[in-house]
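1. I'd like to go over a predicted model; first the sequence, then the structure.
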Amino acid sequence: MEKFDENPFLADFYLDPERYAFQTQLFFLL
């Protein structure tokens with residue numbers, strides 16, 4: 001189960017998805 005509340009990039013992803021998509025997904029993979 002992914003821990004959305006622990007992802008520090010998620011808020012930035014919603015503001016600028018093209019810029020933060022990679023970081024957001026990488027966090028979920030690690």
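-> The structure has been received and is ready for your questions.
2. Could you pull up the residues touching the residue nearest the centre of the chain?
-> By Cα atoms, centre = their mean, the mean C-alpha position of the chain lies nearest to Thr24, the distance being 2.3 Å. Residues touching Thr24, when contacts are defined by Cβ atoms under 8 Å, 6 or more residues apart in numbering, comprise Asn7, Phe9, Leu10, Asp12, Phe13. For every residue, glycine as well, the C-beta is placed using N, CA and C.
3. in the helix ranked longest in the chain, what's buried?
-> Of all the segments assigned as helix in the chain under DSSP state H, the longest by residue count is helix 17-29. Of all the residues in helix 17-29, those buried under the rule 16 or more other Cβ atoms under 10 Å are Tyr20, Thr24, Phe27.
4. what's the closest non-adjacent residue to the last one?
-> Nearest-residue entry for Phe27: Asn7, 5.0 Å, with adjacent residues in sequence omitted and distances by Cβ to Cβ, 6 or more residues apart in numbering.
5. quick one: Leu30 from Leu15, how far?
-> The spacing between Leu30 and Leu15, counted by Cβ to Cβ, to the nearest Å, is 22 Å.
6. quick one: which of the two has more around it?
-> Leu15 (8 against 4; other Cβ atoms under 10 Å).
7. per-residue confidence for that one?
-> With respect to pLDDT, Leu15 scores 96.
8. What ranges in the protein fall below the confidence cut-off?
-> Counting by pLDDT under 70, the chain shows low-confidence ranges at 1-2.
9. got the phi/psi numbers for Asn7?
-> Backbone dihedrals for Asn7, given as degrees, to the nearest 10, come out at phi -80, psi 110.
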